[in-house]
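# No sequence on hand, only this structure:
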């Protein structure tokens, strides 16, 4: 294998690695967005659950 062939192979590998890193970066960004959405939804669910707990406690207090 000549030096030029080795260089060409290294360039190919470098390009492939660059593409892989770009795809991983995009995937990571999408995952961050998804985690952010899940966290926001979880916070909303917690708020609803707390509201219902207070409401149930108030209703139970009225019936006691």
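Good, I have the coordinates. Please read these numbers as outputs of a predicted model, since none were measured by experiment.
# So what's the residue count around residue 36?
Other residues within reach of residue 36, judged by other CB atoms under 10 Å, total 10. (C-beta placed from N, C-alpha, C; glycine too.)
# So it versus residue 22, what's the distance?
The gap separating residue 36 from residue 22 is 21 Å, by CB to CB, to the nearest Å.
# now residue 13
15 Å.
# Likewise for residue 34?
From residue 34 to residue 22 the distance is 19 Å (CB to CB).
# go on, residue 58?
55 Å.
# Which parts of this structure are strands?
Applying DSSP state E to the chain gives no strands.
# what ranges of it fall below the confidence cut-off?
64 (pLDDT under 70).
# Just give me the residue closest to the centre of it.
Nearest to the mean C-alpha position of the chain, by CA atoms, centre = their mean, lies residue 31 at 2.5 Å.
# Can you show me the helices along this structure?
Using DSSP state H, the helices of the chain run over 3-63.
# To what extent is residue 60 buried, counted in neighbours?
That count, for residue 60 with other CB under 10 Å as the rule, works out to 9.
# Please tell me how far it sits from residue 18.
62 Å.
# cool, residue 55 as well?
Counting by CB to CB, the gap from residue 55 to residue 18 is 56 Å.
# Residue 21 and residue 33, how far apart?
From residue 21 to residue 33 the distance is 19 Å (CB to CB).
# same thing with residue 12?
Counting by CB to CB, the gap from residue 12 to residue 33 is 32 Å.
# Then residue 62?
Counting by CB to CB - residue 62 and residue 33 are separated by 44 Å.
# Between these two, tell me which one has more neighbours.
residue 33 (10 against 7).
# got the contact list for that one?
Neighbour list for residue 33: empty [criterion: CB atoms under 8 Å, 6 or more residues apart in numbering].
# For residue 11, the count of nearby residues, please.
Neighbours of residue 11 using other CB under 10 Å come to 10.
# who are the neighbours in contact with it?
With CB under 8 Å, 6+ apart, residue 11 has no contacts at all.
# Since that was my last question, I'll sign off now.
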